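[1] Build me a model from this:
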Amino acid sequence: MKGLLYKDLTLIVGSYRMNFVFLLVVYTAMAFALQMDFMAYALVFVVGLYASTTISMDENSRWDLYARTLPVTPGQIVAGKFLLTLGCTAVGAALSFLLLAVMPHNPPLPEAAAGLAAAVTTTLVYGALVIPLSYKFGAAKARSWVMGVLFALFFLPLLALTSLPEETRDTLWDALGLRGGQPAWSLTEGQGLWLFLGAMLAVSLLAVGISWAVSVPLYRQKTD
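    Residues are numbered from 1 along each chain as shown. Predicted structure coming up:
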């Protein structure tokens with residue numbers, strides 16, 4: 001398993017090192033210059049996206065044929081892709097949190113936490129969809145289909161929300177039961193926020209677990 005992760009990490013670093021530095025600089029500059037919190041949240045998705053691209057690299061190099069000679073099971077190979085997705089997403093979330101923390105107009109904690117939770121969930125759900133579809137239909141088709149669906153369902157609403165004036169966002173928080181960044185429900189301070197974050201994390205991990213169970217037989221059929 002360690003060897004599989006090392007192989008994929010080497011591919012990512014070798015292929016995307018300069019791309020990552022460029023995107024980090026551009027996203028940071030746009031977040032500061034345009035005061036767009038969305039760019040910080042988008043960074044989570046971009047970094048998490050690197051993990052699934054290793055499937056395309058495996059296809060192009062026919063690595064899966066070589067993998068059949070190794071003492072690893074299809075379940076371990078597929079699990080490596082999901083562990084890589086979780087790791088890349090965690091790195092992206094940490095970078096996004098640091099960016100939000102140093103921005104001069106840093107958003108209140110509930111808003112930043114909700115944005116990060118949405119970005120992490122989107123990234124993990126993307127991986128949970130694209131990995132099994134890649135094994136079934138090919139990585140290029142899978143990425144195009146899933147990217148279009150997630151952009152319509154997640155990123156467009158998130159972009160619209162972060163682009164709203166602060167007064168409009170405050171009105172929306174009130175309508176959702178949040179006042180001044182604090183939960184307005186009959187919960188103690190902060191409980192509503194942690195409940196929301198826990199629910200998002202549970203949904204993400206559930207999607208990853210189900211996707212792994214589906215992906216293993218698909219990968220086995222692909223390599224048979």
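[2] where in the protein is pLDDT low?
    In the predicted model of the chain, residues 153-159, 161-164, 166-193, 224 satisfy pLDDT under 70.
[3] Closest to the mean position in it, which residue would that be?
    By C-alpha atoms, centre = their mean, the mean C-alpha position of the chain lies nearest to residue 123, the distance being 2.1 Å.
[4] tell me which element the residue lying closest to that one once chain neighbours are set aside falls in.
    Take residue 123 and drop its neighbours on the chain: the residue closest to it by C-beta to C-beta, 6 or more residues apart in numbering is residue 48, 3.7 Å away. For every residue, glycine as well, the C-beta is placed using N, CA and C. Using DSSP states H and E, residue 48 sits within helix 37-61.
[5] what comes up buried for the helix or strand following that helix?
    Later in the chain than helix 37-61, the nearest helix or strand by DSSP H and E is helix 63-67. With burial defined by 16 or more other C-beta atoms under 10 Å, the residues of helix 63-67 counted as buried are 64, 67.
[6] Please identify the buried residues of the next helix or strand after helix 63-67?
    For helix 63-67, the following helix or strand on the C-terminal side (DSSP H and E) is helix 74-102. Buried residues in helix 74-102, counting neighbours by 16+ other C-beta under 10 Å, are found at 74, 77-89, 91-93, 95-96, 99-100.
[7] again with stretch 108-121
    Within stretch 108-121, the residues that qualify as buried are 110, 111, 112, 113, 114, 115, 116, 117, 118, 119, 120, 121, counting by 16+ other C-beta under 10 Å.
[8] can you list the residues that contact stretch 56-69?
    11, 15, 77, 134, 138, 139, 140, 143, 219, 222, 223 (C-beta atoms under 8 Å, 6 or more residues apart in numbering).
[9] Swap in 10 Å and give it another go.
    Identification of contacts with stretch 56-69 by C-beta atoms under 10 Å, 6 or more residues apart in numbering yields 4, 7-8, 11-12, 14-15, 54-55, 74, 76-77, 81, 134-135, 138-140, 142-143, 219, 222-224.
[10] Just the terminal-to-terminal distance for that stretch.
    Terminal residues of stretch 56-69 lie 20 Å apart, using C-alpha to C-alpha, to the nearest Å.
[11] for stretch 93-113, same thing?
    Taking C-alpha to C-alpha, the first and last residues of stretch 93-113 lie 10 Å apart.
[12] repeat for stretch 26-40
    The first residue of stretch 26-40 is 11 Å away from its last residue (C-alpha to C-alpha).
[13] Help me confirm that residue 210 comes into contact with residue 124.
    No - Residue 210 sits out of contact with residue 124 when judged by C-beta atoms under 10 Å, with a separation of 11.5 Å.
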